[in-house]
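> Mind folding the following:
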Amino acid sequence: MRGLADPMILSRIIHHLKTQNWTAVGLEFLIVILGVVIGFQVTEWNTQRQAIARAELLTTRLIEDLRNEQWRVEGNAFYYAQVSDNAQRAIDALEGRRSVDDETLVIEAFRATQIFSFPIISTTYAELVATGTISLVADDALMIAAVEYYESGADVLSFQDRDRTYRSTFFQLADRALVEALADNCAEPRTMGIGDYAALPEILDFPCDIDGHDAAVTALAGRLRGNPAILPLLRQRAVETLVESRSQIYWRTLFGQVLPPVEVSE
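Residues are numbered from 1 along each chain as shown. This is a model prediction of the structure:
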């Protein structure tokens, strides 16, 4: 950007002043002023373009994070409904309304302990807050939904027993090798990734076997039937996970309002 400090321009202006060529002086000053204005305008355009590109990047990343959280909400709904069903089936067996073998009882009681453990993905939101760039996200509805979810989301409003009393009690009664076998064969697939909607309907309710642990299964089933603390804890677990599952309707609705519909591949 050339201005009055440019030697050539300054030299010409001095020459025109000496010759009293006021028209030429005026033109030189006009050229200088236009140069300064155009230079500032180009700088402003570059700054705006960079800000727009940054805003688009942050918005895209925020949508991707919320897409993952949308799957997590769906996962919570399916998962805890199935945890609750397993707890209720174990209750019915222990109270004599169902006749089941020891292995079935143990599997159902184990599945009642389970916790949907995918972490909340909040990288972009945390960056927006830390850098004070929330205003760059032009989609107000998207940003409001993100603030509501991350600041008062599923973990904050969870209805579950934070001490996980039933889970601890079950593990106190079970042998380590049996728990390892249950975790390997009867918990959700360890290969399941975020965004796998197809796996959710049978995330826990699928056939499983725990071969080679017959004695441990029989012993644990006996402990479950003989421990007076198990039934009240199972009842609590059945109710709290049912409430947890049904409460996801709020977050489902929230995400449905700000994100495009999910396309689930078969």
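
> What's the local residue count around G96?
For G96, the tally of surrounding residues (other C-beta atoms under 10 Å) stands at 7. Every C-beta, even on glycine, is put in place using the N, C-alpha and C of the backbone.

> Which pLDDT does the model give it?
Model confidence at G96, given as pLDDT, is 95.

> Then E240?
95.

> L62 too?
What the model reports for L62 is a pLDDT of 94.

> where along the protein do the helices fall?
7-18, 22-94, 102-111, 123-131, 140-151, 165-173, 176-186, 214-226, 230-258 (DSSP state H).

> what's the residue nearest to E188 when sequence neighbours are not counted in contact with, if anything?
Excluding the flanking residues, the one nearest E188 by C-beta to C-beta, 6 or more residues apart in numbering is I203, at 5.0 Å. Taking C-beta atoms under 8 Å, 6 or more residues apart in numbering, we find I203 in contact with G75, F78, Y79, Q82, E188, M192.

> so which of the helices of the chain gets nearest Y197?
helix 22-94 (6.6 Å; C-beta to C-beta).

> how about low-confidence regions in the stretch 151-266 of the chain?
153-157, 263-266 (pLDDT under 70).

> rerun at 80
Filtered on pLDDT under 80, the stretch 151-266 of the chain yields the residue ranges 153-161, 261-266.

> pretty sure F171 is touching T113, no?
Yes: counting by C-beta atoms under 8 Å, F171 touches T113, with 7.5 Å between them.

> which one of those two has more residues nearby?
T113 (22 against 13).

> That one and Q172 touch, don't they?
No: using C-beta under 8 Å, T113 is not in contact with Q172; the gap is 11.4 Å.

> Next one: the residue nearest the centre of the chain from I63, what distance?
For the chain, the residue whose C-alpha lies nearest the mean C-alpha position (C-alpha atoms, centre = their mean) is E69; its distance is 3.1 Å. Distance, E69 to I63, by C-beta to C-beta, to the nearest Å: 11 Å.

> What of D85?
D85 is 33 Å from I63, where distance means C-beta to C-beta.

> Q248: what's it in contact with?
Applying C-beta under 8 Å, 6+ apart, the residues contacting Q248 are V73, E74, N76, A77, A154.

> Check A87 too.
Counted by C-beta under 8 Å, 6+ apart, A87 has contacts E108, A112, L234, R235, R237, A238, T241.

> what about the fifth one, how many residues close to it?
Which is R237. If we define neighbours as other C-beta under 10 Å, then R237 has 28 of them.

> what do you get for the third one?
Using other C-beta under 10 Å, L234 has 26 other residues around it.

> Understood, closing this out.
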